[in-house]
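Undergrad: build me a structure from this.
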Amino acid sequence: MKPFLILQLRPEADAADNEFAAICAKGGLAPEAVKRVRLDCEDLPTGFDLSDYAGVIVGGGPGCVSDSPDEKSAIEAKIERDVLALMPEITARDFPFMGCCYGIGVLSHHLAKNVSKARFGEPVGTADCRLTEAGKADPLCQGLALQFEAFVGHKEALQSLPEGCVHLVEAPSCPFQMIRYKENVYATQFHPEADAAEFEARIRIYKHKGYFAPEEAEKLIEMCHAADVTEPERILRAFVERYTV
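TA: Reported below is the predicted structural model:
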């Protein structure tokens, strides 16, 4: 079988390791079924060819595509440049893609450059998600509850639906929670890989990164463990099952 390419955008090693383990666990991916690349410290393999992979999964990260160049560190700029360089081929080929959180910003920035901090940023917590009519019919959303909670936490967001995209999941706090471009290019604003334990780890790692006041960390962790977040991981598993070849 072809492996899935997992691109990670987190420069914090502990956060990247936790996220990688969560993506594999929730996606049902064995180590031999993936190729992991941490773009903060690695480049894509020599002779890279998308056709060698079943699909691409892009994780989250603390960077913002809407930040100006002078607001980005050298590592953040490298990560963004490398992942954006893949998007023209992915979208042109309609290649299987799942962008998680930062990934929806990457896709929308490539398609429409319509990501900003103007509206729809969500504090660390849960979003009350709901399938749209198109979402109810989408292959990755089959069998999902019509309404569900999902973990979120982001400073920027899509301001409008890019041309050629289908709106699959919405929430009052941020309307564009999941979209699809063409037939096979997906992205979520929420974290489909994250459960309460994973989100607790991220809260501790990013405690001083400006997502929330540091003194709120313990209360946010309690909130995570009290939340009922079970549906989002089914989307990630459905993506893997659909595109395994």
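
Undergrad: just the endpoints, please. Distance across stretch 42-49?
TA: One end of stretch 42-49 to the other measures 16 Å (C-alpha to C-alpha, to the nearest Å).

Undergrad: next one: Pro192 from Glu216, what distance?
TA: 24 Å (C-beta to C-beta, to the nearest Å). (Each C-beta comes from the backbone N, C-alpha and C, glycine too.)

Undergrad: for the longest strand belonging to the chain, the distance to its chain's centre please.
TA: Longest strand of the chain, by residue count under DSSP state E: strand 122-131. Distance of strand 122-131 from its chain centroid, counting by C-alpha atoms, centre = their mean, to the nearest Å, is 14 Å.

Undergrad: what about Ala187, how many residues nearby?
TA: Ala187: 26 surrounding residues under other C-beta atoms under 10 Å.

Undergrad: can you classify it as helix, strand or coil?
TA: Here Ala187 is recorded as strand under DSSP: H, G, I helix; E, B strand; the rest coil.

Undergrad: try Leu111
TA: helix.

Undergrad: number of nearby residues for it?
TA: Neighbours of Leu111 (other C-beta under 10 Å): 20.

Undergrad: what strands line up against the helix or strand harbouring Leu5, and which way round?
TA: Taking DSSP states H and E as the definition, one finds Leu5 inside strand 4-8. The pairing partners recorded for strand 4-8 under DSSP bridges are strand 34-38 (parallel), strand 55-58 (parallel).

Undergrad: list the residues that contact Tyr181.
TA: Thr91, Asp94, Leu107, Leu111, Pro162, Gly164, Cys165, Val166, Ala187 (C-beta atoms under 8 Å, 6 or more residues apart in numbering).

Undergrad: recalculate using a threshold of 7 Å.
TA: Going by C-beta atoms under 7 Å, 6 or more residues apart in numbering, Tyr181 touches Thr91, Leu107, Leu111, Gly164, Cys165.
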